[in-house]
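Novice: Pasting the sequence and the predicted coordinates here, then a few questions.
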Amino acid sequence: MIDVLLFAQLQEEAGTDKLQIDKQSITVKEIKRELQEEYHLSQLKESMVAVNEAYALEDDLIQTGDTVAIIPPVSGG
Amino acid sequence: MIDVLLFAQLQEEAGTDKLQIDKQSITVKEIKRELQEEYHLSQLKESMVAVNEAYALEDDLIQTGDTVAIIPPVSGG
Amino acid sequence: MVDKLFEVIEEPISVEALIKKVESRNAGAITTFIGTVRELTGEKKTVYLEYQAYVPMAEKMLAQIGKEINDKWENTKVAITHRIGSLDITEIAVVIAVSSPHRKAAYQANEYAIERIKQIVPIWKKERWEDGEAWIGDQLGNVPYPTGKPEVKGESDD
Amino acid sequence: MVDKLFEVIEEPISVEALIKKVESRNAGAITTFIGTVRELTGEKKTVYLEYQAYVPMAEKMLAQIGKEINDKWENTKVAITHRIGSLDITEIAVVIAVSSPHRKAAYQANEYAIERIKQIVPIWKKERWEDGEAWIGDQLGNVPYPTGKPEVKGESDD
């Protein structure tokens, strides 16, 4: 099981701040596609993905037990 | 009578923070020469002169009643 | 209690407290940047802002920015606090404090920090106007950089 | 009592008070510069500093710097306080606060202010070391400019 945290716009679109994806492993690229197809989230193309609180690259592998966060363009400061 | 205020190094050299020059009028350039000759103050070449709290040019005329200040290189901040 | 140099909090930020965190006998200069909620952006009137963060990762990224600064500018000390939740006009959203033996580094490192915050720290702002609201993202479509040098853009909007 | 935006005082400076003076509904950024007494300059160990000012003229020159900034950067607000008398290591000698709608101007204007202070404001510093003391002047032999643009030098010593 992989926890996926959502923030800002994505959180409002999904109606929740956390999804669970029932996979043993999946790449960053694949998880983005899955979120787009299953939940019709916007902004996935321009979003970064963090795995266990560190930015990940498109081909990085996510494992069960990892915490994933979808990071749309930030606007702090 | 023209009051001349001294600060920092110049004040210590002269042993006072204020001199009086008994003139009706004198230029900035002349007052610097006078202070050098009479009081042997250092730093006069690199000092600015303020008349009534505003920087003056070498040829500006100082009149009796004016307050003059000798401003050696500043080091605030 | 050990002072946290990099934090995301819900309470008002004390500028004095941040200054204290970077004080040093070898500092000749301390710069602070205080980001406040501005009423007007172009013609649009903001009523209030709401900030949300991925808190544990945001604090890690702030600490990373601090480390980048220490590597780039010798003998600097850095503290950054970002506030989240609902903020009114003139309230403080972020404070960056940098101390350095020399003033040039204190200015440069401070400006570097705010540019980096706008690139890599997972914090989002929702603007609430009189006639609506929206989460704000980078309008240029840039994505934040996981590592590497920031692309310092020109005049931005806040 | 009306707050003085530009002053020379003998008491400790409150950074918070200066920030308050420049707050504005249209400010998105406030920068502060805090000049502190540093212990080491090269190999030399400072025990304390003493500042002297030609107070009325110094306050006029600080106000002039504020005006120059308002002319150069739109919608900025500026407050500057310089302390005089005897200051220990880490004590604050000067605080400059600048608010602006945009952060770039807040940084630039603030740095402009400290460069100008070092050129035109009649304030002098005496350094007291373990083995002596001296009034500090500009080692390059430059004289302050009564008007005109500052010559912004590179890294200076404080």
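Specialist: That came through, no problem.
Novice: Residue of chain A nearest chain B, please.
Specialist: residue A:77 (28.5 Å; Cβ to the nearest Cβ). (Each C-beta comes from the backbone N, C-alpha and C, glycine too.)
Novice: tally of neighbours for that residue?
Specialist: 25 (other Cβ atoms under 10 Å in any protein chain shown).
Novice: hang on, it packs against residue C:118?
Specialist: Yes. Taking contacts as Cβ atoms under 8 Å, residue A:77 lies within contact range of residue C:118: 4.7 Å.
Novice: Pick out the residue closest to the middle of chain A.
Specialist: The centre of chain A sits closest to residue A:70, judged by Cα atoms, centre = their mean, with a distance of 3.6 Å.
Novice: Roughly how far does residue C:24 sit from residue B:51?
Specialist: 42 Å (Cβ to Cβ, to the nearest Å).
Novice: residues contacting residue C:63?
Specialist: Residue C:63 makes contacts with C:5-6, as judged by Cβ atoms under 8 Å, 6 or more residues apart in numbering or on different chains.
Novice: That one falls within a helix, correct?
Specialist: Yes. The assignment for residue C:63 is a helix, going by DSSP: H, G, I helix; E, B strand; the rest coil.
Novice: and residue A:75, what are its phi and psi?
Specialist: phi -150, psi 40 (degrees, to the nearest 10).
Novice: again, but for residue C:55
Specialist: phi -50, psi -50.
Novice: Check whether the residue nearest to residue C:111 when sequence neighbours are not counted sits in a helix, strand or coil.
Specialist: Spatially, and ignoring its direct neighbours in sequence, residue C:111 is nearest to residue D:107 (5.2 Å; Cβ to Cβ, 6 or more residues apart in numbering or on different chains). Here residue D:107 is recorded as helix under three-state DSSP.
Novice: Check the one 3 residues further on too.
Specialist: For residue D:110, the assignment made with three-state DSSP gives helix.
Novice: Which residues lie in contact with it in this structure?
Specialist: C:31, C:107, D:31-33, D:96-98.
Novice: And residue C:22, by the same measure?
Specialist: Per Cβ under 8 Å, 6+ apart, neighbours of residue C:22: C:30, C:77-79, C:97-99.
Novice: Run through the chain and note the low-pLDDT ranges.
Specialist: Using chain A here. In the prediction, chain A carries no residues with pLDDT under 70.
Novice: looking at chain C here, not the other one
Specialist: C:1-2, C:138-158.
Novice: circling back to that earlier point, widest-spaced pair of the contacts of residue D:110?
Specialist: C:107 and D:97 (14.1 Å; Cβ to Cβ).
Novice: In terms of neighbours, single out the busier of the two.
Specialist: residue D:97 (29 against 22).
Novice: Show the backbone phi and psi for the nearest residue to the more buried one once chain neighbours are set aside.
Specialist: Sequence neighbours aside, residue D:18 is the residue nearest to residue D:97 in space, at 4.2 Å (criterion: Cβ to Cβ, 6+ apart). Main-chain dihedrals, residue D:18, degrees, to the nearest 10: phi -70, psi -40.
Novice: How far does stretch A:68-77 sit from its chain's centre?
Specialist: Centre-to-centre, stretch A:68-77 and its host chain are 11 Å apart (Cα atoms, centre = their mean, to the nearest Å).
Novice: So that stretch, near chain C or not?
Specialist: Yes. Stretch A:68-77 reaches chain C (Cβ under 8 Å from any Cβ of the partner chain) through A:69, A:71-77.
Novice: For residue 64, list the residues it contacts.
Specialist: Looking at chain A here, since you left the chain open. A:1-2, A:23-25.
Novice: My question was about chain C, not that one.
Specialist: Residue C:64 neighbours (Cβ under 8 Å, 6+ apart): residue C:120.
Novice: From chain B, how far out is it?
Specialist: 32 Å (Cβ to the nearest Cβ, to the nearest Å).
Novice: Residue C:45 is in contact with residue C:128, correct?
Specialist: No. Residue C:128 is not in contact with residue C:45 according to Cβ under 8 Å; the separation is 10.2 Å.
Novice: tell me the contacts of the closest residue to chain D within chain A?
Specialist: Relative to chain D, the nearest point of chain A is residue A:77 (8.4 Å; Cβ to the nearest Cβ). Shown in contact with residue A:77 (Cβ under 8 Å, 6+ apart): C:35, C:82, C:93-94, C:114, C:117-118, C:121, C:123, C:158.
Novice: Which pair in these has the greatest spatial separation?
Specialist: C:121 and C:158 (14.5 Å).
Novice: neighbour count winner among these two?
Specialist: Neighbours per residue, other Cβ under 10 Å: of residue C:121 and residue C:158, the larger number sits with residue C:121, 28 against 19.
Novice: where do the strands sit along chain A?
Specialist: A:2-5, A:18-21, A:25-27, A:48-51, A:54-56, A:61-63, A:67-71 (DSSP state E).
Novice: Now for residue C:25: which residues touch it?
Specialist: D:38-40, D:89-90.
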